[in-house]
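Engineer: Sequence first, predicted coordinates after that:
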Amino acid sequence: MPDSLAEGAKIFAEKMRQGAYKEAARIKSDYGLPADMVQDAVLEEYHRIMAKGEFAVAADLARQYGLPADLRNDAALRSFWRKIDSEFYRAAADYAKELELPAGAVRDAAIQAFNKSLEFGLAKNAAEIAQEFGLPEEMLMQAAKTSFEQYMQAGLYRKALRTAVKYNLPEEMKSEAMKKVS
């Protein structure tokens with residue numbers, strides 16, 4: 001059996017060096033390789049891809065193979081900041097939430113995504129971001145009211161009414177849309 005484990009570890013390491021992560025995971029499973037036998041190969045690949053700037057891939061490897069939390073967090077934060085620098089705020093917020101980065105990072109990215117959506121006139125999107133990421137109620141109401149107004153101006157009264165109901169906008173807004181729908 002030791003020869004089988006050693007052979008499996010060797011094949012695993014080779015697949016990692018090739019970047020064939022799914023195959024490496026399958027080999028780990030097929031051979032029943034313990035974590036300590038694959039740790040060096042995973043660490044080597046982690047450092048190689050960090051040097052290439054593939055931070056999201058490195059964070060995924062660190063999470064999948066149980067590398068120390070500081071390595072996973074370092075890679076995840078670098079990937080997060082790259083998304084922020086590229087103005088992919090929604091992607092950054094989703095990523096930060098998924099990888100359980102600090103709540104402040106998630107919130108900051110969500111606020112930037114919210115503001116960017118409003119800046120581009122995407123009030124519906126901004127309202128959804130505010131709701132999904134638990135932004136302050138004032139922000140949610142601001143975006144929902146703007147979305148409602150956009151629908152009303154465009155003659156999309158049913159959508160305006162759905163927005164008013166979904167976000168519990170004031171009764172007069174709901175009534176205004178109801179009159180137009182009837």
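Structural biologist: Sure, I can see it.
Engineer: distance of the residue nearest to residue 113 when sequence neighbours are not counted from residue 114?
Structural biologist: Of all residues not flanking residue 113 in the chain, residue 89 sits nearest, at 3.5 Å (C-beta to C-beta, 6 or more residues apart in numbering). (Glycine included, C-beta is placed from N, CA and C.) Using C-beta to C-beta, to the nearest Å, residue 89 is found at 8 Å from residue 114.
Engineer: Of these two, which one has the most company?
Structural biologist: Shown here are residue 89 and residue 114; by other C-beta atoms under 10 Å, residue 114 has more neighbours (26 against 21).
Engineer: okay, that one: pLDDT?
Structural biologist: What the model reports as pLDDT for residue 114 is 95.
Engineer: now swap in residue 2 and tell me
Structural biologist: So, for residue 2, pLDDT stands at 45.
Engineer: any idea which helix or strand comes after the worst-scoring helix or strand of the chain on mean pLDDT?
Structural biologist: Every helix and strand of the chain was ranked by mean pLDDT, DSSP states H and E. The lowest is helix 2-18, at a mean of 85. Next in sequence after helix 2-18, counting helices and strands by DSSP states H and E, comes helix 21-31.
Engineer: outside of the helix or strand just after that next one, which residues touch it?
Structural biologist: For helix 21-31, the following helix or strand on the C-terminal side (DSSP H and E) is helix 35-51. Applying C-beta atoms under 8 Å, 6 or more residues apart in numbering, the contact partners of helix 35-51 are 5, 8-9, 12-13, 16-17, 19, 24, 28, 57-58, 61-62, 65-67, 71, 74-75, 78.
Engineer: thinking again about what came up before, from the contact counts, what lies against the least confident helix or strand of the chain?
Structural biologist: Secondary-structure packing of helix 2-18 (3 or more C-beta pairs under 8 Å, 6 or more residues apart in numbering; DSSP states H and E): helix 21-31, helix 35-51.
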